[in-house]
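Visitor: model this:
(one chain, ligands or ions: 1)
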Amino acid sequence: MKLKSSFVVLSLALMALATNGALAQTVTIPIETNKNALVLEADDKHDLSTIYFGPKLADSKEYNHVSAAYGKDNDYTGQMASAYTPAGSRNLLEPAIAVTHADGNQSLDLKYVSHKVDKISDDVSLLSIVLKDPAYNFEVTLYYKSYFKDDVIEQWSTIRHGEKGNVTLNKFASADLYLKSPAFYLTQYHGDWAKEMRPEESQITHGIKTLDSKLGTRADLFQPPVFMVSLDRPATEDDGTVLYGALEWSGNYRTDLELDPENNLRIISGINNYASPYQLKPNEDFTTPPFLYTLSRNGKGEASRNLQHWARNYKLLDGKGSRLTLLNNWESTYFDFDETKLAALLKDTKKLGVDMFLLDDGWFGNKYPRNGDHSGLGDWQETKTKLPNGIASLVKGAEDNGVKFGIWIEPEMVNPKSELYEKHPDWVIKQPKRDEYYFRNQLVLDLSNPAVQDFVYGIVDNLFTKNPALAYIKWDCNAVIYNAYSAHLKNNQSQFYVDYVQGLYKVLARIRAKYPKVPMMLCSGGGGRVDYGALQYFTEFWPSDNTDPLERIFIQWEYSYFYPAISSSNHVTDWSKLPLKFRVDVASMGKLGFDIVISKLGQSDLQFVQDAVKNYNSFKSVVWQGDQYRLMNPRENSVASLAYVNDTKTTAIMFNYLVNYRYGEKSTSPIRLKGLDANKHYKVKEINLYPGTRSEINSDETYTGDFLMKVGINPKVNSDRSSVVLQLDAQ
Ligand code: DGJ
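Guide: Numbers count the residues shown, from 1 in each chain. Model prediction:
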């Protein structure tokens with residue numbers, strides 16, 4: 001990244017301030033990544049604006065000419081393009097920050113003071129810009145962490161003051177972007193339980209479009225915190241300019257997209273200020289969570305590959321590591337199990353050939369055993385009637401079978417029917433003067449309270465201390481927050497939503513300090529709790545309780561724009577009547593798991609799944625670490641097709657599915673591959689064939705990458721071959 005020497009810029013700024021209070025010359029600050037430049041500029045009045053976000057220029061000196069080229073004719077305030085719009089002085093549009101000073105005054109102005117760049121590695125740089133209010137002892141530092149290769153930027157701010165009393169932060173965004181284009185198209189997501197990640201695209205009109213969440217414990221369910229904005233025209237997979245954005249925060253978020261009077265787009269994203277005016281004490285820092293974005297001029301595919309690559313390298317826990325395939329017992333037993341049943345499942349785990357058995361909900365609670373979802377949450381002792389020999393004997397049993405053992409917990413939650421609730425009613429989020437209101441018959445624990453943080457940390461720590469061989473945690477979160485009230489916070493209730501998430505992160509950081517790499521799944525009763533704030537502590541997430549593979553093709557497709565396949569936990573279940581092969585193939589496009597009754601499988605089904613697990617083990621590194629290409633969109637065709645290509649372009653795995661079951665639907669023509677080496681010669685072989693079936697693909701032929709990317713190959717998908725997996729190997 002080529003930035004002006006921070007020393008020079010800082011000196012200039014200080015010299016100018018020292019003389020007449022105006023900057024002697026504007027200060028231009030380009031943030032360059034591989035293909036793009038985001039350029040900020042402080043003008044002679046020290047107002048910092050975004051003057052450019054687009055393809056980077058060949059000569060970085062020419063960024064100095066950008067603002068003159070665009071002009072600011074109709075901007076009455078000089079603030080429409082503000083890099084961080086302060087409220088209450090001149091602003092006429094949505095602010096990024098709004099405060100009430102210690103003396104009750106509500107105005108804020110923020111002037112550029114200095115900036116510097118810290119080079120973190122060859123790939124990563126951190127720009128920080130200090131802004132100060134000339135009338136109050138109040139300052140904001142803006143941070144821009146840029147990832148050169150992936151064209152990704154994370155942006156956040158730190159707010160502090162030295163006033164004589166608390167300052168109330170009424171709004172405290174992470175980022176305030178400004179984009180120029182003749183038109184903007186927003187792709188947003190909505191959903192609900194079992195209906196996650198449904199996209200909608202619309203042209204952005206004047207005014208403000210808000211995406212937000214007020215669920216408290218999680219960002220997702222109704223409206224995931226990720227979105228895309230296409231510039232000029234709706235981007236396609238390989239064409240068009242598109243920005244992806246996401247707030248790295250697991251609670252209430254708010255993203256405002258405002259098309260301003262000059263037809264430019266302002267994107268202001270941060271923690272939701274809903275019910276959350278925050279009291280900031282003098283000389284304390286308030287740091288906002290990062291807002292993440294990437295800009296591609298080659299369509300959605302490139303943007304998603306950049307984001308997936310970034311996530312594996314910099315954000316997702318152990319993103320470059322391995323993952324455990326597993327057998328889960330949730331759908332095969334629900335709460336109804338004992339040691340005998342589990343002993344059989346451990347044997348089945350071995351028979352299936354996966355790495356681990358995952359014991360789900362229902363193993364705890366004695367006064368109120370967890371035999372259903374009405375009781376026991378919070379009482380994390382093994383139910384003696386079900387498991388007289390405890391988890392330790394199950395971990396040992398797994399070891400005896402040559403597999404690992406993982407366990408489900410939901411540590412942030414409590415059933416009113418539990419000993420925990422009886423002992424610590426003050427740990428429970430509920431309004432003292434109102435009736436309790438439940439989500440899945442449970443309530444949420446108050447993670448703003450350090451005692452509760454210790455308790456939640458202790459659940460995990462005790463499990464690992466007592467069972468050092470425990471290999472995996474599935475961390476569930478099935479309730480949203482109703483009746484938000486913390487007994488611990490007393491008169492500071494407006495900090496609750498922020499403190500909850502910060503409390504959660506404190507617990508997760510403590511867990512990761514002691515257990516840095518134990519794999520943990522981020523689960524939220526389906527409905528998703530999928531966000532990059534949490535994923536820095538988790539190795540994978542649960543995309544949806546809906547495991548019908550036809551539904552999953554659509555759900556996984558949309559998640560994949562933002563999250564890499566290695567983070568997507570996909571289980572084969574009995575949710576659907578589609579063939580077992582179809583279900584296994586869909587689940588193989590990520591981290592493979594099973595939640596079916598192995599002992600009930602017929603001989604051919606058993607043979608198929610055992611072979612499929614072996615195949616998966618042979619190609620999983622391509623799916624986990626390779627580049628993903630979407631080849632045929634299930635929303636536009638009767639067939640869905642996706643491929644994963646390894647970095648040396650020697651192997652690709654292509655997944656193809658029939659998604660339209662009307663009469664005679666099939667893949668009628670070749671599907672063009674992407675991301676191969678045009679000069680390499682590839683053999684194409686069908687894998688994951690069901691026992692007794694014959695492939696319709698000629699595996700003797702060799703094709704160049706050029707041919708496969710220009711003409712393609714027909715996987716011969718039809719109602720008899722509804723799912724086809726092809727492996728392409730360079731010779
Ligand atoms: C919701 C999860 O999504 C399921 O997989 C399962 O773990 C249940 N919770 C258990 O209560």
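
Visitor: Would you mind listing what in this protein touches the ligand?
Guide: Neighbours of the ligand within the chain, by Cβ under 6 Å from any ligand atom: 330, 360-361, 408, 476, 478, 523, 525-526, 542, 545. Where C-beta positions appear, they are placed from N, C-alpha and C, glycine not excepted.

Visitor: Can you tell me which of those has the lowest confidence score?
Guide: Across the residues of the chain next to the ligand, the smallest pLDDT goes to G526, namely 72.

Visitor: In three-state terms, label that residue for me.
Guide: Under DSSP: H, G, I helix; E, B strand; the rest coil, the three-state class of G526 is coil.

Visitor: one step back: show me the residues of the chain next to the ligand that map onto strands.
Guide: W408 (DSSP state E).

Visitor: Which one (most neighbours) among the residues of the chain next to the ligand?
Guide: C523 (27 neighbours; other Cβ atoms under 10 Å).

Visitor: which residues does that one contact?
Guide: The contact partners of C523, by Cβ atoms under 8 Å, 6 or more residues apart in numbering, come to 474-477, 529, 541-542, 569.

Visitor: Max pairwise distance over those: which two?
Guide: Largest separation among the contacts of C523 by Cβ to Cβ: C477 and S569, giving 14.6 Å.

Visitor: Residue of the stretch 151-300 of the chain closest to the ligand, please.
Guide: Residue nearest to the ligand within the stretch 151-300 of the chain (Cβ to the nearest ligand atom): W193, separated by 9.1 Å.

Visitor: How about the stretch 451-600 of the chain?
Guide: G525 (3.9 Å).

Visitor: Relative to R218, how far out is the residue positioned nearest the centre of the chain?
Guide: By Cα atoms, centre = their mean, the mean C-alpha position of the chain lies nearest to D531, the distance being 3.1 Å. Note on D531: its distance to R218, by Cβ to Cβ, to the nearest Å, is 8 Å.

Visitor: Check G664 too.
Guide: 43 Å.

Visitor: quick one, what contacts whichever residue of the stretch 201-350 of the chain sits closest to the ligand?
Guide: Per Cβ to the nearest ligand atom, W330 is where the stretch 201-350 of the chain lies closest to the ligand, at 4.7 Å. Residues near W330 by Cβ under 8 Å, 6+ apart: 360-361, 408, 595.

Visitor: Provide a list of residue ranges in the stretch 101-250 of the chain with pLDDT below threshold.
Guide: In the prediction, the stretch 101-250 of the chain carries no residues with pLDDT under 70.

Visitor: now the strands: where do they sit in it?
Guide: 111-119, 124-132, 138-147, 152-161, 167-179, 184-190, 198-203, 207-212, 226-231, 241-247 (DSSP state E, counting those that start in this stretch).

Visitor: hmm, back to that, now intersect the residues of the chain next to the ligand with the helices, please.
Guide: Within the residues of the chain next to the ligand, residues falling in helices by DSSP state H are W330.

Visitor: Rebuild the residues of the chain next to the ligand as CSV, extending it with distance to V27.
Guide: Output for the residues of the chain next to the ligand, formatted as CSV (distance: Cβ to Cβ, whole Å):
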residue, distance to V27
W330, 57
D360, 57
D361, 57
W408, 54
D476, 49
N478, 50
C523, 47
G525, 50
G526, 49
W542, 47
D545, 52
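
Visitor: Just give me the closest of the residues of the chain next to the ligand to L601.
Guide: Nearest to L601 among the residues of the chain next to the ligand, with distances taken as Cβ to Cβ, is W330, at 17.7 Å.

Visitor: what's the distance between that closest one and G353?
Guide: From W330 over to G353 (counting by Cβ to Cβ), the distance is 20 Å.

Visitor: Report the contact partners of the closest residue to the residue of the stretch 451-600 of the chain closest to the ligand other than its chain neighbours.
Guide: Using Cβ to Cβ, 6 or more residues apart in numbering and skipping the chain neighbours, the partner closest in space to G525 is N478 (3.8 Å). Going by Cβ under 8 Å, 6+ apart, N478 touches 410, 413, 439-440, 442, 524-525.

Visitor: just S604 next, same as before
Guide: S604 makes contact with 690-692, according to Cβ under 8 Å, 6+ apart.

Visitor: By neighbours, which of those wins?
Guide: Y690 (18 neighbours).

Visitor: I'd guessed that residue sits against Q607; true?
Guide: No. The pair Y690 and Q607 does not pass the contact test of Cβ atoms under 8 Å, sitting 9.0 Å apart.

Visitor: Once you drop chain neighbours, what's closest to F184?
Guide: Closest residue to F184 apart from its sequence neighbours, by Cβ to Cβ, 6+ apart: I204 at 4.3 Å.

Visitor: and the nearest residue to T287 once chain neighbours are set aside, bridged to which residues?
Guide: With sequence-adjacent residues excluded and distances taken as Cβ to Cβ, 6+ apart, T287 is closest to T158, at 4.7 Å. As for beta bridges, T158 partners with T141, T287 under DSSP bridges.

Visitor: so T158 touches F286, yeah?
Guide: Yes. At 7.0 Å, T158 and F286 qualify as touching, with contact defined as Cβ under 8 Å.

Visitor: higher neighbour count, these two?
Guide: F286 (19 against 15).

Visitor: so what's that one up against?
Guide: Counted by Cβ under 8 Å, 6+ apart, F286 has contacts 158-160, 169, 172, 278, 280.

Visitor: Between G664 and R218, which has more neighbouring residues?
Guide: R218 (28 against 8).

Visitor: how much space between the more buried one and G527?
Guide: Distance from R218 to G527, by Cβ to Cβ: 8 Å.

Visitor: Now E196: phi and psi?
Guide: phi -70, psi 160 (degrees, to the nearest 10).

Visitor: so how many other residues sit close to E551?
Guide: 17.

Visitor: I'd like the strands of the stretch 101-250 of the chain as CSV, with distance to N492 appended.
Guide: As requested, the strands of the stretch 101-250 of the chain are arranged in CSV below (distance: least, Cβ to Cβ, whole Å):
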stretch, distance to N492
strand 111-119, 31
strand 124-132, 27
strand 138-147, 21
strand 152-161, 17
strand 167-179, 11
strand 184-190, 33
strand 198-203, 37
strand 207-212, 23
strand 226-231, 31
strand 241-247, 23
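
Visitor: and of these, who's closest to R297?
Guide: Of all these, it is strand 241-247 that lies closest to R297, at 4.8 Å by Cβ to Cβ.

Visitor: got the CA positions of the closest one in CSV?
Guide: Provided in CSV are the C-alpha atoms of strand 241-247 (Å, rounded to 0.1, in the frame of the first residue of the first chain):
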residue,chain,number,x,y,z
THR,A,241,-19.2,-3.1,-9.7
VAL,A,242,-20.4,-4.3,-6.4
LEU,A,243,-19.6,-3.4,-2.7
TYR,A,244,-20.2,-6.1,0.0
GLY,A,245,-20.6,-4.8,3.5
ALA,A,246,-21.1,-6.3,7.0
LEU,A,247,-20.9,-5.2,10.5
